[in-house]
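Novice: Below are the sequence and a predicted model for it; my questions follow.
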Amino acid sequence: MARKRFGQHFLHERGVIDRILAALNPGPDDRLIEIGPGEGALTEPLLAQVEQLSVIEIDRDLIARWQTRAIERDGLEVIAGDALRIDYAALAERRGGAVRLVGNLPYNISSPLLFALLTSQAPIIDMHFMLQKEVVDRMVAGPGSRDYGRLSVAIAARAEADLLFDVGPGAFRPPPKVMSSVVRLRPRTPDFVIDDDPLFDGVVAAAFGQRRKTLRNALKSYLAAEAIEACGVDPGQRAEQLAAADFARLANAAAQIHGPRGHT
C-alpha cells in the first residue's frame with residue numbers, strides 16, 4: 001500500500017515502464033542505482049538487464065521485501081535510508097566508478113534531491129527520473145519563460161536536461177492529482193566558471209526570492225548597482241531575464257568583494 005507521508009505513487013503501466021527502459025538503455029555492466037524501487041515495476045525489468053543494481057528505499061515494509069529478494073538475486077544491493085542523506089560519492093566508489101541513477105521520485109523530495117545530486121562530488125553519468133511535470137517544466141525552462149526560476153538556473157549551470165515524455169495519472173497507483181514527466185539529466189562542466197558554488201546558489205536564490213524586484217534591490221546585500229553593471233548586467237533587469245552564465249559573473253564578483261560564501 002502506498003504511504004502518503006512518503007509521497008508514494010507506484011508506477012504500474014507497462015507501456016510507460018518500457019519507454020523508461022528504452023530511454024535508459026542499460027548495459028549489463030552499468031553501475032545502476034534506483035531511488036525508490038517501490039513495488040518493483042521498474043526494478044524487476046532492470047534486474048533482467050544488469051548484473052548489479054543498488055536500490056535505495058525508506059519504507060520499512062518495502063525494505064524487508066527487497067532484502068528478501070536480494071537473498072534470491074545476487075547483485076541486488078538494498079540500501080535502507082533517506083535518498084537525501086545518502087553519500088553518493090561513497091556509493092560510487094564502492095560500486096567501482098561512475099554511476100547511473102534512475103527512479104520515480106516522490107514529489108516532496110524531488111527539488112532538494114536534485115540540488116544534492118548536482119552539487120555532490122559523486123561521478124554521475126546520467127539520471128533518468130520521473131517527476132511532477134511542473135518540476136520538469138521548471139528544470140528545462142530557458143530565460144524569459146514563465147517556468148524559469150532558481151531550479152532552472154541550478155540545472156543549467158551543472159547539467160544538460162531533456163524532457164523525454166509526459167505520463168498521465170492513470171499510470172500510477174494511487175493516481176496522483178498531477179501530470180508527471182520523465183527527464184534525462186547529464187551532469188557536465190559549464191562553459192563558464194563558478195568560483196564558489198554555495199555563493200552562486202545564494203545569489204540565484206536571492207535574485208528569485210522576490211521575483212518582482214529588480215536585481216538592484218534583490219541583490220543589494222551582495223552587490224551594489226555599479227558592481228552589477230560592471231558584470232555586464234543591467235541592474236534594472238529582473239532575475240528571470242538572466243542566463244546561468246550571467247549569475248555566475250555576479251556570484252564571482254560577489255566572491256571578489258566579500259570573500260567566499262559571504263555577503264554584507
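Specialist: Structure received. Numbers count the residues shown, from 1 in each chain.

Novice: give the contact list for the residue of the chain positioned farthest from its centre.
Specialist: Relative to the centre of the chain, the most outlying C-alpha is that of Glu226, 34.5 Å out, by C-alpha atoms, centre = their mean. Applying C-beta atoms under 8 Å, 6 or more residues apart in numbering to Glu226 gives no contacts. Bear in mind the C-beta positions are built from the backbone N, C-alpha and C, glycine included.

Novice: Now with 10 Å, please.
Specialist: The contact partners of Glu226, by C-beta atoms under 10 Å, 6 or more residues apart in numbering, come to Pro235.

Novice: Could you tell me how far the spatially most central residue of the chain is located from Leu151?
Specialist: The residue lying closest to the centre of the chain (C-alpha atoms, centre = their mean) is Leu114, at 2.3 Å. Counting by C-beta to C-beta, to the nearest Å, the separation of Leu114 from Leu151 is 7 Å.

Novice: can I assume the residue nearest to the centre of the chain is in contact with Val135?
Specialist: Yes - in terms of C-beta atoms under 10 Å, Leu114 counts as a neighbour of Val135; the distance is 8.3 Å.

Novice: Mind listing the shared neighbours of these two?
Specialist: Going by C-beta under 10 Å, 6+ apart, residues that sit against Leu114 and also against Val135 are Leu105, Phe129, Leu151, Val183.

Novice: how about the strands in this protein?
Specialist: 10-11, 32-35, 53-57, 76-80, 99-104, 124-132, 159-167, 172-173, 180-187 (DSSP state E).

Novice: What strands line up against the first one, and which way round?
Specialist: Its sheet considered, strand 10-11 pairs with strand 172-173 (antiparallel) by DSSP bridges.

Novice: tell me the mean pLDDT for the strand it pairs with?
Specialist: The pLDDT scores in strand 172-173 average 86.

Novice: which residues sit against that strand?
Specialist: 1-2, 8-13, 16, 38-39, 41, 104, 130, 180.

Novice: For the closest residue to Gly36 other than its chain neighbours, which residues are in contact?
Specialist: Nearest residue to Gly36, sequence neighbours excluded (C-beta to C-beta, 6 or more residues apart in numbering): Gly103, at 5.1 Å. In this structure, Gly103 makes contact with 20, 33-38, 42-43, 55-56, 83, 110, 113, 127-131, judged by C-beta under 10 Å, 6+ apart.

Novice: Spell out which residues are contacts of both of Leu114 and Leu151.
Specialist: Joint contacts of Leu114 and Leu151 (C-beta under 10 Å, 6+ apart) are Val135, Met139, Ala161.

Novice: Most neighbours among the residues you listed, please name it.
Specialist: Met139 (26 neighbours; other C-beta atoms under 10 Å).

Novice: Quick check, pLDDT for that residue.
Specialist: So Met139 comes in at 96 (pLDDT).

Novice: From Glu13, how far off is it?
Specialist: Distance, Met139 to Glu13, by C-beta to C-beta: 23 Å.

Novice: remind me which residues of the stretch 151-264 of the chain are low pLDDT?
Specialist: Filtered on pLDDT under 70, the stretch 151-264 of the chain yields the residue ranges 260-264.

Novice: Could you pull out the helices in it for me?
Specialist: If DSSP state H, counting those that start in this stretch is used as the criterion, the helices of the stretch 151-264 of the chain fall at 197-209, 215-218, 225-230, 244-258.

Novice: In JSON lines: the ones you listed, plus distance to Tyr88.
Specialist: Listed next are those as JSON lines, based on distance: least, C-beta to C-beta, whole Å:
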{"stretch": "helix 197-209", "distance to Tyr88": "16"}
{"stretch": "helix 215-218", "distance to Tyr88": "32"}
{"stretch": "helix 225-230", "distance to Tyr88": "35"}
{"stretch": "helix 244-258", "distance to Tyr88": "23"}
